[in-house]
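# Return atomic coordinates for the entry below.
(2 chains)
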Amino acid sequence: MDNQAFWDKIDDFLLSRLPDAEAEAMRQAIDLDAELNQAVQLRRLEFEVAEQVIGGEIRARLDKFRAEEEPSSRKFSDKWFLWPMVLAALLAIAWFIFKPDPSSEIKTINPPPEQLIRDTAEQGKGQVQAPPTPQQAPATTPAPYRSIANAYYKQTNATIVDGLRSVGADSTYDAALNAWKSSRWKKVLGFTRKISSSNPQYEKARMLEGNTLLKLGRYSQARQLFSELLIDENGPYFESAQWLVLLAQLATQRQISPEFQVKLAEITADSNHVFFREAVQLKVALEVQ
Amino acid sequence: MKESSKLSDPQLLQALLGTEKQRNMAMFFLYKHSGCREWVLQHVCMEGGDKPAGEDVFQEVLIVFDRNIREGQFHGNSSMKTYFLGIAKQFWFNQKRRKQAVLDGREFSGSASADSPESKVLEQERVSLINQIMEALGEQCKRILALYKLSLSNEEIAQELNLSSPKLAKKYAYRCREKFRKYVLARKDIMDYLNLSGI
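Now for the predicted structure:
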């Protein structure tokens, strides 16, 4: 019996889906086989835990239905004494918005483009852009999230590169690693690109190459390279590559894309992920922005 | 949720066995449009309880009803509403009896019923252990185990959790089960509770 069939049978037994004769045979087998007994008991407990979660979700749903049922407009209109306070607050807000400010008038008439770009980058929103001029192509504008991506890369870089240590099996890889240690980035690329896919050090070399591209600020190339390492979910560098793809993407994008959010959610959804803690921090940091 | 204002029994059954969205619709129907909640509130108020108690009963009965439906305990011998109300009636009867026993000082009578002190201690122990396991598993794993228990496919689970592929959902589920297994096997008190210490 394969593993899936084994667990399916236990599930059927626990959920009383087995015919009487089979259920009886199962009971006898459980009595005789301590390991089977353990598997059944653990599965039963797992079901109990899952049902507890489902019960909690149902309670939360009902709470939500109850909250929605209360007509909010009526609740507010009952509190008639709040109306003057709301009106006063609105007037105060309107005054702050429309009050004349001579200094801001000058800025509005002639906003220096560099200032706008810098402000936009600092705010990290990337939505207000200076009008492009021939002297200043939009491509030179720094991506608003690059500093965050770099900071997180620095934070996790040691962990990643530590996993790329040489075991002395390949001289080209060793040379690449030595070049990395002495920050000779182009040399690293030269060596790693000589390592073919048949070489056992190939995946390590690709990881090192990707990290070097990040050091050189070639984020798109790095992203492409790490994406290729994601093909093998069971590969030794899958989780590192997942994280680095994310950072490379963050460094180049002007707005947080849904695709990025999905990738980030994949890591934050997995508490066993190597970069789970950092991903959660990143998520919070982006939300704060 | 206008589409849930009227559901036939087969539609309700299908929705309860469906995706999270469909289940939400089914729950909303049972809460708002089925008449079950009003009946339960009225019954509890007429039988010595009050409205908050009725709300509690409706909530707990909905949980039992949902589980029974998913685990195939409902055989279609009555309408689903009748089945729901039957559970509610029994639930309130048991709860009232327990309360009355406490008021009469009969709770420590030494009987071997479900209300006996031994049973209560065991039940408290069970709840406490389950809570500890849930805490150790973390939000994500709890959710994955629940979605599997709801018999959702890997594809549906991937959708619910915003994962990129069903394969990833399967991988996460495997990891969560391993986490669960390791945690339980390392806890002697839980193994004792399950009578598995000798293995």
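
# Return the residues in contact with residue A:66.
residue B:55 (C-beta atoms under 8 Å, 6 or more residues apart in numbering or on different chains). In short, each C-beta sits where N, CA and C put it, glycine included.

# tell me the mean pLDDT over the helix or strand harbouring it?
Per DSSP states H and E: residue A:66 is located in helix A:34-69. What helix A:34-69 shows for mean pLDDT is 91.

# Same check on stretch B:101-112?
The predicted model assigns stretch B:101-112 a mean pLDDT of 59.

# Which residue, neighbours along the chain excluded, lies closest to residue B:60?
What sits nearest to residue B:60 in space, not counting adjacent residues and going by C-beta to C-beta, 6 or more residues apart in numbering or on different chains, is residue B:91, at 6.4 Å.

# swap that for residue A:11, please
Using C-beta to C-beta, 6+ apart, the closest residue to residue A:11 is residue A:43 (7.0 Å).

# Near residue A:186, how many other residues are there?
Residue A:186 has 9 neighbours, counted by other C-beta atoms under 10 Å in any protein chain shown.

# what about the helices in the stretch 1-150 of chain A?
Secondary structure of the stretch 1-150 of chain A (DSSP state H, counting those that start in this stretch): helices located at A:3-14, A:20-32, A:34-69, A:72-78, A:83-98, A:102-109, A:113-123, A:146-162.

# relative orientation of the following helix or strand past the last one and helix A:146-162 in degrees?
Which is helix A:146-162. Next helix or strand after helix A:146-162 toward the C-terminus (DSSP H and E): helix A:171-181. Interaxial angle, helix A:171-181 versus helix A:146-162 (axes from the mean of the first three to the mean of the last three C-alpha atoms, to 10 degrees): 140 degrees.

# pLDDT on helix A:171-181, on average?
85.

# likewise stretch A:274-285?
So the average pLDDT for stretch A:274-285 ends up being 85.

# same question, stretch B:191-199
72.

# Ok, stretch B:7-20 next?
Here the average pLDDT along stretch B:7-20 is 92.

# distance between the ends of it?
End-to-end distance of stretch B:7-20 (C-alpha to C-alpha, to the nearest Å): 17 Å.

# Please point out which parts of it sit buried.
In terms of neighbour count (16 or more other C-beta atoms under 10 Å in any protein chain shown), stretch B:7-20 has its buried residues at B:7, B:11, B:12, B:13, B:15, B:16, B:17, B:18, B:19, B:20.

# same thing with stretch A:56-65?
Quick answer for stretch A:56-65 (16+ other C-beta under 10 Å): A:57, A:58, A:61, A:62, A:65.

# interface residues of the stretch 1-150 of chain A facing chain B?
A:15-17, A:34-35, A:37-38, A:41-42, A:45-55, A:57-59, A:61-62, A:65-66, A:69 (C-beta under 8 Å from any C-beta of the partner chain).

# out of the residues you listed, which are buried?
Buried members of these, scored by 16+ other C-beta under 10 Å, are A:37-38, A:41-42, A:45-55, A:57-58, A:61-62, A:65.

# Mind listing residues that contact the one helix or strand residue B:13 maps to?
According to DSSP H and E, residue B:13 maps onto helix B:9-16. Helix B:9-16 is contacted from outside by B:4, B:7, B:22-23, B:25-26, B:29-30, B:66, B:69-70, B:74, B:79-80, using C-beta under 8 Å, 6+ apart.

# what's the angle between the helix holding residue A:66 and helix A:20-32?
Going by the same axes, to 10 degrees, helix A:34-69 makes 120 degrees with helix A:20-32.

# for helix A:34-69, the distance to its chain's centre please.
With C-alpha atoms, centre = their mean, to the nearest Å as the basis, helix A:34-69 stands 27 Å off its chain's centre.

# next one: stretch B:46-57
With C-alpha atoms, centre = their mean, you get 20 Å for stretch B:46-57.

# Can you pull out the residues in contact with it?
Contacts of stretch B:46-57 (C-beta under 8 Å, 6+ apart): A:66, B:40, B:41, B:42, B:43, B:44, B:45, B:88, B:91, B:92, B:95, B:96.

# most surrounded residue in the residues you listed?
Busiest of the contacts of stretch B:46-57 [other C-beta under 10 Å] is residue B:40, holding 27 neighbours.

# residue ranges with poor pLDDT in the chain?
Reading this off chain A. Scanning chain A for pLDDT under 70 picks out the ranges A:1-2, A:70-81, A:99-142, A:166-169, A:288-289.

# ah, no, chain B please
Judged by pLDDT under 70, the stretches of chain B that qualify are B:1-4, B:104-116, B:197-199.

# neighbours around whatever residue of it ends up closest to chain A, how many?
Residue nearest to chain A within chain B (C-beta to the nearest C-beta): residue B:149, separated by 3.5 Å. Residue B:149: 20 surrounding residues under other C-beta under 10 Å.

# Going by neighbour count, which residues in the longest helix anywhere in chain B are buried?
The single longest helix within chain B, with elements called by DSSP state H, is helix B:117-149. Residues B:129-130, B:133-134, B:136-138, B:140-149 are the ones in helix B:117-149 that count as buried (16+ other C-beta under 10 Å).

# coming back round to it: please look at the residue nearest to residue B:60 and residue B:61 and confirm they touch.
Yes. Here residue B:91 reaches residue B:61: they are 5.3 Å apart, a contact under C-beta atoms under 8 Å.

# ok, and the closest non-adjacent residue to the residue nearest the centre of chain B?
Nearest to the mean C-alpha position of chain B, counting by C-alpha atoms, centre = their mean, stands residue B:63 at 4.0 Å. Of all residues not flanking residue B:63 in the chain, residue A:55 sits nearest, at 4.5 Å (C-beta to C-beta, 6+ apart).

# From residue B:142, how far out is the one you found?
When distance is defined by C-beta to C-beta, to the nearest Å, residue A:55 is 12 Å away from residue B:142.

# likewise residue B:118?
Taken as C-beta to C-beta, the span from residue B:118 to residue B:142 is 30 Å.

# Ok, residue B:59 next?
20 Å.

# sorry, back to before: near chain A, which of the contacts of helix B:9-16 show up?
Applying C-beta under 8 Å from any C-beta to the contacts of helix B:9-16, those adjacent to chain A are residue B:66.
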